[in-house]
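Student: Based on what follows, work out the 3D shape:
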Amino acid sequence: MNAEKRVLLGMSGGTDSSVAAMKLQEEGYEVTGVTFRFYEHDGATDYLDDARRLAARLGMEHITCDAREVFRSRVIRYFTDEYLSGRTPVPCIVCNNELKWALLAKTADEKGIYWISTGHYARKVQQGGKWHIAPAADRDKDQTFFLWGLKQDILRRMLLPLGDITKGEARDYAADRGFPHVATKKDSIGVCFCPLDYRSFLRREVEECPKTAQAMPKQCPSSAPKLPGKGRFVDEKGDFLGWHEGYPFYTVGQRRGLGIHLNRAVYVKETRPAANEVVLAPLSSLYKQEMLLKEWNLTEDTRVIDAAEVIVKIRYRKQANRCKVSPRPRECCTSASPSLWRPSRRVRRQPSTTRTGCCWEAESSSDGKATGVPP
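Tutor: Below is the predicted model of the structure:
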């Protein structure tokens, strides 16, 4: 086999990575599968067995890599820390940009393999000698939102065999080749380590502050992060509305599950960790037309900074908006401010994948055209 046709494929045991293995083989690649053990619910390892069985049937080498410790220190710790800081985390971005692809490249290097691959629904294109992540053919399953932080050293080695097909076509592909079990596997939902309710996960992972200190979270011992316990719902003026279970259990834009009944519809506008307060407001108060970005990853700055028009997405699905991005020099770093053509709600305080330096916290601000979420 030509050494240039060897590829290391990340295999989760699911439909997507399994179909990726089949497609790569059909394209003439010698595929080696690797399954990273990131997190296992109640010790379940069915996914390992599924990946091994598929690899054996396809005549592929398969290896496993125990990455549970580094996953906990980088991804789960980030996840809990962000909620305790009053921000909304996006753990899949941190996992992909800081961990998963880096581990793939490291493992491939150890085995003398150049190409690395996954079952992501994304494409890459080359322009001006540089590689760019591009949207997948299946816009509903497109996963480029999670890959924005990858650098050229990873992008040039990536193979994305599912970028040009839809999820339905991937299922048909597996069924047509005699893999009905692969074709009918259920899609994963939500965050892999807490697919349903992140609140119950936080309660398991983070100790609660003593009752005597719950009114003032800063009085909690600082040796380890702690859940603050009961706090106050307030309106935009600071007037008391009711009691909540602790600010980490609420995110900007949330309406359902607040546990408070008023004679009007209200949404979470802001969380205030220092006071353990959650600000509730009408929907009109959540719209924003400007936000502040830091720690971005641009392949070509000139295509984004001060360009006439750029597409911005603040959430994984839908909600793409047109904007203009302008640089804003600051004392400790350079930030950028996208001005949205249309006001958008649910602009949350979300950090980038790089969590070091003075520009770590992503802020939100208002330009006066729409009421914003304070930084």
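Student: what sits against Ala320?
Tutor: By C-beta atoms under 8 Å, 6 or more residues apart in numbering, the residues touching Ala320 are Ile311, Val312, Lys313. Every C-beta, even on glycine, is put in place using the N, C-alpha and C of the backbone.
Student: how long is stretch 63-78 end to end?
Tutor: 28 Å (C-alpha to C-alpha, to the nearest Å).
Student: May I see the buried residues of it?
Tutor: By neighbour count on 16 or more other C-beta atoms under 10 Å, the buried set for stretch 63-78 is Ala67, Phe71, Arg74, Val75, Ile76, Tyr78.
Student: quick check: mean pLDDT across that stretch?
Tutor: Across stretch 63-78, pLDDT averages out at 96.
Student: Pipe the buried residues of stretch 63-78 into CSV and attach secondary structure and distance to Ala183 per row.
Tutor: Listed next are the buried residues of stretch 63-78 as CSV, based on DSSP: H, G, I helix; E, B strand; the rest coil; distance: C-beta to C-beta, whole Å:
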residue, secondary structure, distance to Ala183
Ala67, coil, 28
Phe71, helix, 29
Arg74, helix, 33
Val75, helix, 30
Ile76, helix, 32
Tyr78, helix, 34
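Student: Need the residues you listed in JSON lines (columns: distance to Asp172).
Tutor: Output for the buried residues of stretch 63-78, formatted as JSON lines (distance: C-beta to C-beta, whole Å):
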{"residue": "Ala67", "distance to Asp172": "32"}
{"residue": "Phe71", "distance to Asp172": "33"}
{"residue": "Arg74", "distance to Asp172": "36"}
{"residue": "Val75", "distance to Asp172": "33"}
{"residue": "Ile76", "distance to Asp172": "36"}
{"residue": "Tyr78", "distance to Asp172": "37"}
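Student: What about the closest residue to Glu208 other than its chain neighbours, how many residues nearby?
Tutor: Nearest residue to Glu208, sequence neighbours excluded (C-beta to C-beta, 6 or more residues apart in numbering): Leu227, at 4.5 Å. If you count neighbours by other C-beta atoms under 10 Å, Leu227 ends up with 24.
Student: my guess is Leu227 contacts Pro273, does it?
Tutor: No: with contact defined as C-beta atoms under 8 Å, Leu227 does not reach Pro273; the gap is 11.3 Å.
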